[in-house]
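[1] Next one to model:
(chains A, B, C and D)
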4 protein chains.
Amino acid sequence: MCFSASYTDSSDDETSPRDKTQINSKGSSDFCVKNIKQNEFGRREIEIAEQDMSALISLRKRAQSEKPLAGAKIVGCTHITAQTAVLIETLVALGAQCRWTACNIYSTQNEVAAALSETGVAVFAWKGESEDDFWWCIDRCVNTEGWQPNMILDDGGDLTHWVYKKYPNVFKKIRGIVEESVTGVHRLYQLSKAGKLCVPAMNVNDSVTKQKFDNLYCCRESILDGLKRTTDVMFGGKQVVICGYGEVGKGCCAALKALGAIVYVTEIDPICALQACMDGFRVVKLNEVIRQVDIIITCTGNKNVVTRDQLDRMKNGSIVCNMGHSNTEIDVASLRTPELTWERVRSQVDHVIWPDGKRVILLAEGRLLNLSCSTVPTFVLSITATTQALALIELYNAPEGRYKQDVYLLPKKMDEYVASLHLTTFDAHLTELTDDQAKYLGLNKNGPFKPNYYRY
Amino acid sequence: MCFSASYTDSSDDETSPRDKTQINSKGSSDFCVKNIKQNEFGRREIEIAEQDMSALISLRKRAQSEKPLAGAKIVGCTHITAQTAVLIETLVALGAQCRWTACNIYSTQNEVAAALSETGVAVFAWKGESEDDFWWCIDRCVNTEGWQPNMILDDGGDLTHWVYKKYPNVFKKIRGIVEESVTGVHRLYQLSKAGKLCVPAMNVNDSVTKQKFDNLYCCRESILDGLKRTTDVMFGGKQVVICGYGEVGKGCCAALKALGAIVYVTEIDPICALQACMDGFRVVKLNEVIRQVDIIITCTGNKNVVTRDQLDRMKNGSIVCNMGHSNTEIDVASLRTPELTWERVRSQVDHVIWPDGKRVILLAEGRLLNLSCSTVPTFVLSITATTQALALIELYNAPEGRYKQDVYLLPKKMDEYVASLHLTTFDAHLTELTDDQAKYLGLNKNGPFKPNYYRY
Amino acid sequence: MCFSASYTDSSDDETSPRDKTQINSKGSSDFCVKNIKQNEFGRREIEIAEQDMSALISLRKRAQSEKPLAGAKIVGCTHITAQTAVLIETLVALGAQCRWTACNIYSTQNEVAAALSETGVAVFAWKGESEDDFWWCIDRCVNTEGWQPNMILDDGGDLTHWVYKKYPNVFKKIRGIVEESVTGVHRLYQLSKAGKLCVPAMNVNDSVTKQKFDNLYCCRESILDGLKRTTDVMFGGKQVVICGYGEVGKGCCAALKALGAIVYVTEIDPICALQACMDGFRVVKLNEVIRQVDIIITCTGNKNVVTRDQLDRMKNGSIVCNMGHSNTEIDVASLRTPELTWERVRSQVDHVIWPDGKRVILLAEGRLLNLSCSTVPTFVLSITATTQALALIELYNAPEGRYKQDVYLLPKKMDEYVASLHLTTFDAHLTELTDDQAKYLGLNKNGPFKPNYYRY
Amino acid sequence: MCFSASYTDSSDDETSPRDKTQINSKGSSDFCVKNIKQNEFGRREIEIAEQDMSALISLRKRAQSEKPLAGAKIVGCTHITAQTAVLIETLVALGAQCRWTACNIYSTQNEVAAALSETGVAVFAWKGESEDDFWWCIDRCVNTEGWQPNMILDDGGDLTHWVYKKYPNVFKKIRGIVEESVTGVHRLYQLSKAGKLCVPAMNVNDSVTKQKFDNLYCCRESILDGLKRTTDVMFGGKQVVICGYGEVGKGCCAALKALGAIVYVTEIDPICALQACMDGFRVVKLNEVIRQVDIIITCTGNKNVVTRDQLDRMKNGSIVCNMGHSNTEIDVASLRTPELTWERVRSQVDHVIWPDGKRVILLAEGRLLNLSCSTVPTFVLSITATTQALALIELYNAPEGRYKQDVYLLPKKMDEYVASLHLTTFDAHLTELTDDQAKYLGLNKNGPFKPNYYRY
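    The predicted model follows:
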């Protein structure tokens, strides 16, 4: 999951939360956060987030009387932000007990962790954990007297791995794992291949709705936002090359074209390349345009897509950034040589200066621009959180035998349900099939509406 | 397959081709066409088509020395047009012997049939066949002394069914069937389910490249073309409702929005509906906008999407047409009642007039607008034809056991190859993976580049 | 004014209308048309046109009781089409007497001329007039016993010139001339400069509303329509160069870009060139891209914009056409040399074939594509006709002294009125200024709302 | 002129610059800035600005040998930013002597003022001047021994007014005034009307190139930037109403539509309203959509466009902001009532909370969003600065009699020249007319290329 900028001020207090007395207003001490007193500020952040997560709130309301998660004991390991808090509080409202920890040592919003702890969720997380803190927090989540988790919600697979390794007896009794990251999913598939996955797991990363929002729709906006906030560049008339025409590349291309940039595309896959042609982009090799472009954006998931040799040939003042999967796409390491000077001109913005005075503007040191220099809209996080909640409900309530010890995609009907919950935000009105039409099409009136291979 | 407008003048000669002496300049009589003398005109049509089918010509050239179809005896049943002729002559150039007939009694371009027959392809087809002629032609294709087909290329499944029923011994020895229509594919799956498909078959209808071109890219242009040719309507400022936001709907929406129309969408599937929202279209029920829209376009594949009740409430001068799968989407039958007057104002354009004088403009009597009132660009037909040729090559050359007695999708690598052959038209240059990158991504440098579930 | 395709069948009768007995059902003989019996068919055409000219009908209704043209005796010389008929019948409804003739020897819709004559308008026009017929018709309009025109509505200036030269005494008593063509306006300005224009004239060609519709909005659609009807070309991925980035060029560029073409622009004016840059088009010299483009479109108003030398370097199969002011932009004459073969493949489509077999597809022999191969939507003609009607009313009713013996632009307030009458078509609702706001802005609540130099 | 965010840290030193010893490294004391020691940091800012102002640098280089401003003594009163510094140093390079002061008490970048003073330009300006400081600085600029200005460059008219009032004898000898603001231009026209303008003045605010960039092109980008930085709102699927369809409104509409918003327009002017229709926007009264929209953006130049009554009816979570001319468009004062709570959630972002908990998000308290919450790209400032420089050159060098004591627009040829200087940034290549073509068009080969009334 991505995370929005935190307002957390971490400068105040150097004492480790592990060394502090932790106690909330109800007298509970079963949590560990930076400063429980920040809980009111955190509560306000959560309330603001709720406004853009009406789908999740609506799910909360619809299912509240049924308590579909009654009896569920969930350990979670995700970014801890206002949006995650809305998810956790939804799970609680549906009947679950939750213990939570952070999947990233930097991303915790301390005030949100405080607000959750104040209401009784056992949160173990703060911004700026050490490696040791990180595992200590995970362990405290899982290993508590008189409470044994039966569901896992994970983002990255660390929690899953910890339980698998340290508490094999607990692991065996887990009813289901929900995992949302590419990495975590990859680890689950490996476990499954090795015959060691003794629990059903659900890969929510690849559900249709989530994918479209995380990639196409989100990046269509964040490429503009990330570039503007860092460089104030004017898009009109700029020549831009976008490496990769997958969902992320398609989003970036569409947005920049719409604002008057002239966009070139590089691709390795002829089908995507042909799509780029039909969408009005010239498909080139990077070397053909490297001397003329003003901006390079990588979105391939590949490595060394922009090499030192190519950076050497770029124009003075050109901008290089990455919207792809990792920080490997631009060969940033190759720029750390004595003849080049680095000048940090703003947060996340470096000028790399060649001996002849040429400057190339490198954003976020080649890390993900959309996460480093933009924010992920709450609405996108709502899609993910709703998907996670439904996956938990599905796995927890599935009749014996529906899911084996394997990795599953979210059932299409649930994918459709996530989408439908988010339609109200747009005041969108679905058409319902008549009985006669449903019969004609051979469909159930309530979906699923498409075969699994449908491409959307 | 769709077909472009024929220049054929069918008015001249009333004698049935079956009653004529058929003989070409080399003395062969193994064909049956309207008028062999039209062959030069047909040849010119074929040459013009070749110019927009450079991918197929390029495939022809690349494979000509290898003759991958040497020994193949192909019976084909498709529309017989200049574009099909380019396909047939490519198959011949690759080593195949071909006998051909028409899959539709109206669509044959007589001069093209003549041109093919003149060069030695055994064509049995003319424009305006009777039902009896149709099956007679198919039979003449299959049932000839000293020649037994080992491959079938079909469009609709009629040829396949005929061989299956009438010549079961021939059918058993067929090495492969290539089928491109929705209907034909459906029939094959049924045969397969029933355990009666004793031959490997390839469903080329659902290959990625073909689907995108037949639906999204083609309809994005033909909706404009079809509306203009029939009604000269100005798009700017018009309110349009598009029923269905699948590939066809997406294409129609994008084109009309780009030209200044205000577009509403109806959908039954929440995922597609959410896509429509994110693309900037209001998702409504048809009844919400029926009184205000200027144009209704159906692209659902469903039936009775526009009912008489709704047609009654439309504005004077509004236009109704269909871009979907069949002629069932608009309930045209309900308009054939005594109180309504029909006035044919142009070819394919009817004014249906209500007692109060209100006129609704119905196009192509609710049949497919893009086929009835527009033309399919040769480039799109080139994609289909190339896909068919590659499917034939694959099935004919596949090692024993690769394909069982079942229905297959075109291998992704071949789908990518079709795309790559068409990139040269756009002077598009693919990037190649380095060894290092291919290893990093876990891919073969030559593809396939995506998992099967990739959505494009 | 442009004109739409005529349904007129001119093949039937070879007798000159001048030699026929002309008499309508009321016994009047004061007209001269091809065949008065076609009047019912013409009436239906007029009724269909009325449906898309609701602004004019609305003007007719609003002003009908006031009869602002009572006493006006108008001679008109325009294309005679169903749309013009709606204009003429509006003028009559507002109190005018009209006599009419054609400004072009080919463009008359005979059945419309018949319908007008049947209702008593004195029309002298038919399709296929000789040069002599043309002037005879004009003279018959003007020179009739007991009737002397006091207003002129002209398109091209021929009628004005005829009256000026032949009937100077009539000319002096004209209250106003309304002229809509570039050529006619040019002639008026020359007359004015020479001090010979003894009558106020109104240049309606340059009114804002008319200009935007004739050029930007109309061409944005007709470029697509014209290209499709003639060549069935697929736009997606095509490389196109558009010469000239004025209103017409802007329309062509926007439409083709929206449909996936890659568009280059040539310009002589740096301001327009900078606009092209900001709109996302590369600004090039024609020679830079001549070898790579698939389509050339000229919209400069200049001559020899595409030379033989450049045509020699174009790709096989490329398309050349003109959307500009005249037929001079492409040097078509240079292609009429012995080494090149011309092949007419469809109406308005020639293949010009080079000795090496290269074909360049020339549309409409370099004449205006939008007029030759597309149709002008009735809505656009409605804008023009309404502008003409208002100009006539203004000149006829203006108090002594408001207009001198000079050429005037339509008052901005009337320009705004034309626009407002057309808003109802789109169900558009204007906001009204409060008294307070009007005072704050220093504007009259009813307009005009902009200074004269405003650029829209 | 607009100004970009300043990096100036004004917190350090409370001593008034007027009380400090001011001396630069060359021993000069003829300036007054915050801290001369910041000059190196300022120099770097200027150098970065130069990179996006290549047009001005190019003008500097072209004219440097001719020194067209030799002898010019220019007093200037503008925002003092890195971009202005590039302008001032260009004027110096062309031969002028310059004394400069700030037109706004907050906008001075202190380090830039220091850098200019270090190189010998007499700058009197700092961030956070008092009203008294402001006029003292202006006076120090004008009133210095042994130096009398002969040119004025003004932004707002304060300097002009000061000279006119206090130094009438100096005023009379001024050769020309260049003014760029709406307000300043208004004051000049008033002076001219009153017969008191004894000096030629040039209105550069209304030059075509500047207008298009300040409004259409700049706002197309800054609306997105301003909304994202303040609210992180997702644009896709949002319903937005834009009040006013002038250049600013057109830019906002185009950008938001392109990113998937559903956009409504309100207009008072039927011509602009019709343009909105043709561009695909529904034209409504604000009250029709006030309950359903997510975002309101005003760009009318009018007052009370959004009233308290309307704000009362908006949805929870909706956003209100202004891109228009002043801070009057939204009736912000009406929101300062006891029953509403204001909550400042970020810089420039207030939540206004109704008694029922409804929040409306008000940006920049109704002031200009693009200036308050976004930055103006240097490229846009380059257009303005180049226009100013050319206006100064033109007025200073114009032969006696070309300009009277009146207010003039920049000659179109110079407007074109500004555009042409900026084309190189885009690697755009102009086409040149042949002699023959120029003659055909009746144009000079070097422009101007359009009549004055041309609308672009």
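
[2] Count the residues that sit near the nearest residue to A:Arg346 once chain neighbours are set aside.
    Counting by CB to CB, 6 or more residues apart in numbering or on different chains, A:Thr230 is the residue found nearest to A:Arg346 once chain neighbours are left out, at 6.7 Å. Any C-beta I mention is one placed from the backbone N, CA and C, and that applies to glycine too. Residues near A:Thr230, counting by other CB atoms under 10 Å in any protein chain shown, number 22.

[3] could you list every residue that touches A:Thr230?
    Contact analysis of A:Thr230 by CB atoms under 8 Å, 6 or more residues apart in numbering or on different chains lists A:Arg346, A:Gln348, A:Val349, A:Leu363, A:Ala364, A:Leu369, A:Cys373.

[4] Just to be sure, which of those are found in strands?
    Of these, the ones assigned to strands by DSSP state E are A:Arg346, A:Val349, A:Leu363.

[5] As a quick check, tell me the outermost residue of chain A.
    Going by CA atoms, centre = their mean, the residue of chain A most distant from its centre is A:Asp436, 41.3 Å out.

[6] I'd guess that residue is in a strand, am I close?
    No. A:Asp436 is assigned helix when assessed by DSSP: H, G, I helix; E, B strand; the rest coil, not a strand.

[7] which residues does it contact?
    By CB under 8 Å, 6+ apart, A:Asp436 lies in contact with B:Lys303, B:Asn304.

[8] nearest to B:Ile177, of the ones in strands among the contacts of A:Thr230?
    Distance to B:Ile177 across the ones in strands among the contacts of A:Thr230 (CB to CB) is lowest for A:Leu363, with 53.9 Å.

[9] Could you report the neighbour count for the spatially closest residue to the closest one that is not a sequence neighbour?
    With CB to CB, 6+ apart as the criterion, A:Leu363 has its nearest non-adjacent residue at 3.9 Å, and that residue is A:Cys321. Number of residues near A:Cys321 (other CB under 10 Å) recorded here: 31.

[10] any idea how far A:Glu267 lies from chain B?
    Distance of A:Glu267 to chain B, given as CB to the nearest CB, to the nearest Å: 6 Å.

[11] give the contact list for A:Leu216.
    Going by CB under 8 Å, 6+ apart, A:Leu216 touches A:Glu247, A:Val248, A:Lys250, A:Gly251.

[12] Which one of those is nearest to C:Val380?
    Distance ranking of the contacts of A:Leu216 against C:Val380, using CB to CB, places A:Lys250 first at 35.6 Å.

[13] pLDDT wise, what is that closest one at?
    The confidence metric pLDDT takes the value 98 at A:Lys250.

[14] That one is in what secondary structure piece?
    A:Lys250 is part of helix A:247-258 when elements are defined by DSSP states H and E.

[15] Now do that helix and helix D:247-258, the angle between them.
    Using axes from the mean of the first three to the mean of the last three CA atoms, to 10 degrees, the inter-axis angle of helix A:247-258 relative to helix D:247-258 is 160 degrees.

[16] Check which helices and strands helix A:247-258 is in contact with.
    If you count contacts as 3 or more CB pairs under 8 Å, 6 or more residues apart in numbering or on different chains; DSSP states H and E, helix A:247-258 packs onto helix A:218-231, strand A:239-243, strand A:262-266, helix A:270-278, helix D:247-258.

[17] Now with 10 Å, please.
    Applying 3 or more CB pairs under 10 Å, 6 or more residues apart in numbering or on different chains; DSSP states H and E, we find helix A:247-258 packed against helix A:208-212, helix A:218-231, strand A:239-243, strand A:262-266, helix A:270-278, strand A:295-298, helix A:369-372, helix D:247-258.

[18] Correct me if wrong, but A:His186 is in a helix.
    Yes. A:His186: assigned to a helix according to three-state DSSP.

[19] hang on, isn't it packed against A:Gly157?
    Yes. Between A:His186 and A:Gly157 there is a contact under CB atoms under 10 Å: 8.1 Å.

[20] Quick check: neighbours shared by the two?
    Common contact partners of A:His186 and A:Gly157 (CB atoms under 10 Å, 6 or more residues apart in numbering or on different chains): A:Glu179.

[21] which of the two has more neighbours?
    A count of neighbours by other CB under 10 Å puts A:Gly157 above the other of A:His186 and A:Gly157, at 23 against 14.

[22] quick one, helices of the stretch 1-150 of chain A?
    Listed in chain order, the helices of the stretch 1-150 of chain A (DSSP state H, counting those that start in this stretch) span A:39-51, A:54-63, A:82-93, A:110-118, A:131-142.

[23] And for the closest residue to A:Lys172 other than its chain neighbours, the neighbour number?
    Leaving aside its chain neighbours, A:Lys172 sits nearest to A:Cys198 (5.7 Å; criterion: CB to CB, 6+ apart). Counted with other CB under 10 Å, the neighbours of A:Cys198 add up to 14.

[24] so is A:Cys198 in a helix, a strand, or just coil?
    Taking three-state DSSP, the label given to A:Cys198 is coil.

[25] which residues touch it?
    Counting by CB under 10 Å, 6+ apart, A:Cys198 touches A:Tyr164, A:Pro168, A:Phe171, A:Lys172, A:Lys173, A:Ile174, A:Leu191, A:Ser192, A:Gln405.

[26] Neighbour count and secondary structure added to the residues you listed, as CSV?
    Compiled in CSV, those are given as follows (neighbours: other CB atoms under 10 Å in any protein chain shown; DSSP: H, G, I helix; E, B strand; the rest coil):
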residue, neighbour count, secondary structure
A:Tyr164, 22, helix
A:Pro168, 10, helix
A:Phe171, 22, helix
A:Lys172, 10, helix
A:Lys173, 12, helix
A:Ile174, 23, coil
A:Leu191, 21, helix
A:Ser192, 17, helix
A:Gln405, 13, coil
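
[27] that older thread, could you flag which of the contacts of A:Thr230 are buried?
    Buried members of the contacts of A:Thr230, scored by 16 or more other CB atoms under 10 Å in any protein chain shown, are A:Gln348, A:Val349, A:Leu363, A:Ala364, A:Leu369, A:Cys373.

[28] I'd say the fourth one and A:Gly226 touch.
    Yes. The pair formed by A:Ala364 and A:Gly226 meets the contact definition of CB under 10 Å, at 8.1 Å.

[29] got any residues that touch both of those two?
    When contacts are counted by CB under 10 Å, 6+ apart, A:Ala364 and A:Gly226 are jointly contacted by A:Cys321, A:Gln348, A:Asn370, A:Leu371, A:Ser372, A:Cys373, A:Ser374.

[30] Could you check which helix or strand contains the first one?
    When you say that, I think you mean A:Cys321. Using DSSP H and E, A:Cys321 maps to strand A:318-322.

[31] got the CA coordinates for that strand in PDB?
    Taking C-alpha atoms only, strand A:318-322 is exported to PDB below (Å, rounded to 0.1, in the frame of the first residue of the first chain):
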ATOM      1  CA  SER A 318      16.100  17.900 -18.600                       C
ATOM      2  CA  ILE A 319      14.200  16.000 -15.900                       C
ATOM      3  CA  VAL A 320      14.600  12.300 -15.100                       C
ATOM      4  CA  CYS A 321      12.200  10.400 -12.900                       C
ATOM      5  CA  ASN A 322      10.700   7.000 -12.200                       C
END
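
[32] chain center to it: distance?
    Remark: strand A:318-322 is offset 22 Å from the chain centroid, using CA atoms, centre = their mean, to the nearest Å.

[33] Could you check the angle it makes with strand A:239-243?
    Taking the same axes, to 10 degrees, strand A:318-322 and strand A:239-243 form an angle of 20 degrees between their directions.
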